[in-house]
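Visitor: show me how the following folds:
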Amino acid sequence: MLRHFTALVTLVTMHGCFVQSAHAATPKTTPKPASKRMKLLVVGDSLSAEYGLTRGSGWVALLEKQLALENRDAVVVNASISGDTTSGGRSRLAALLRQHQPTHVILELGANDALRGLPLGMTQTNLSEMAKASKAAGAAVVVVGMQMPPNYGRKYADDFYKLFAAVAKSENAALVPFLLKDVADAPRPETLFQADRIHPNAQAHPAMFNNVWVVLKPLLG
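Guide: Numbering: from 1, shown residues only. Modelled structure (predicted):
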């Protein structure tokens with residue numbers, strides 16, 4: 001018996017092997033899957049397209065800078081077009097989803113619908129369909145709300161404001177209640193708008209960014 005054991009030790013030594021008992025085997029570990037890179041797609045109008053601003057000063061650019069500051073593996077695609085409506089955004093969304101395969105979609109549209117007096121039912125339907133398509137593509141959705149001044153008619157302004165919350169609720173999306181909070185309702189709002197009194201100036205965009213960020217950040221994980 002001792003002879004057989006000595007021969008086994010010699011054989012193991014010759015082959016440079018190390019024999020462990022079954023009870024002392026090293027436990028196997030499952031490697032953690034690599035985290036998926038986040039891609040945030042912003043589909044908006046002039047409020048997101050840096051209309052009248054120096055490039056890199058709008059709220060979308062500030063979002064990109066914040067993500068980099070937090071060392072997040074993320075890229076921001078700003079697909080916003082000045083003057084765009086919900087119909088325009090809906091017509092081009094499918095191609096954007098295929099091209100960019102976003103993990104998050106931020107829908108900032110509707111203001112131009114209201115400025116043109118378009119039916120609010122159409123605006124709501126377009127936003128709902130955009131949210132549905134984005135979710136079907138695997139993206140989390142943020143709906144960005146807007147308000148219109150009362151000179152458009154109190155009922156129209158109220159109904160317009162409420163439709164964003166209705167879309168967010170029906171599509172289980174996150175909601176930014178009002179993109180221009182702390183801008184349009186600031187103590188001296190005229191100092192935060194460009195000469196046209198419609199488009200916010202660069203000083204306003206940090207507040208706009210903050211309004212989006214407090215809603216978006218919990219969705220980033």
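
Visitor: okay, now the unreliable bits of this structure?
Guide: 1-35 (pLDDT under 70).

Visitor: all strands of it, in order?
Guide: Along the chain, counting by DSSP state E, strands occupy 38-44, 74-78, 104-108, 140-144, 174-176.

Visitor: packing partners for the fourth one?
Guide: In terms of contacts (3 or more C-beta pairs under 8 Å, 6 or more residues apart in numbering; DSSP states H and E), strand 140-144 is packed against strand 104-108, helix 120-136, helix 154-170, strand 174-176, helix 205-216. (Each C-beta comes from the backbone N, C-alpha and C, glycine too.)

Visitor: coming back round to it: columns mean neighbour count and distance to residue 183 on top of the strands of the chain, output as a markdown table?
Guide: Listed next are these as a markdown table, based on neighbours: other C-beta atoms under 10 Å; distance: least, C-beta to C-beta, whole Å:
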| stretch | mean neighbour count | distance to residue 183 |
| --- | --- | --- |
| strand 38-44 | 23 | 15 |
| strand 74-78 | 18 | 19 |
| strand 104-108 | 26 | 14 |
| strand 140-144 | 25 | 13 |
| strand 174-176 | 19 | 13 |
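
Visitor: how about JSON lines for those strands, with distance to residue 55 added?
Guide: Formatted as JSON lines, the strands of the chain follow (distance: least, C-beta to C-beta, whole Å):
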{"stretch": "strand 38-44", "distance to residue 55": "15"}
{"stretch": "strand 74-78", "distance to residue 55": "11"}
{"stretch": "strand 104-108", "distance to residue 55": "18"}
{"stretch": "strand 140-144", "distance to residue 55": "21"}
{"stretch": "strand 174-176", "distance to residue 55": "23"}
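
Visitor: looking at the ones you listed, which is closest to residue 212?
Guide: strand 174-176 (5.4 Å; C-beta to C-beta).

Visitor: quick one: strands adjacent to that closest one?
Guide: Next to strand 174-176 in the sheet, as set by DSSP bridges, lie strand 140-144 (parallel).

Visitor: distance of residue 132 relative to residue 93?
Guide: In this view, residue 132 and residue 93 are 10 Å apart by C-beta to C-beta, to the nearest Å.

Visitor: please identify which of the two sits among more neighbours.
Guide: When neighbours are counted by other C-beta atoms under 10 Å, residue 132 and residue 93 differ, and residue 93 comes out ahead with 23 against 14.
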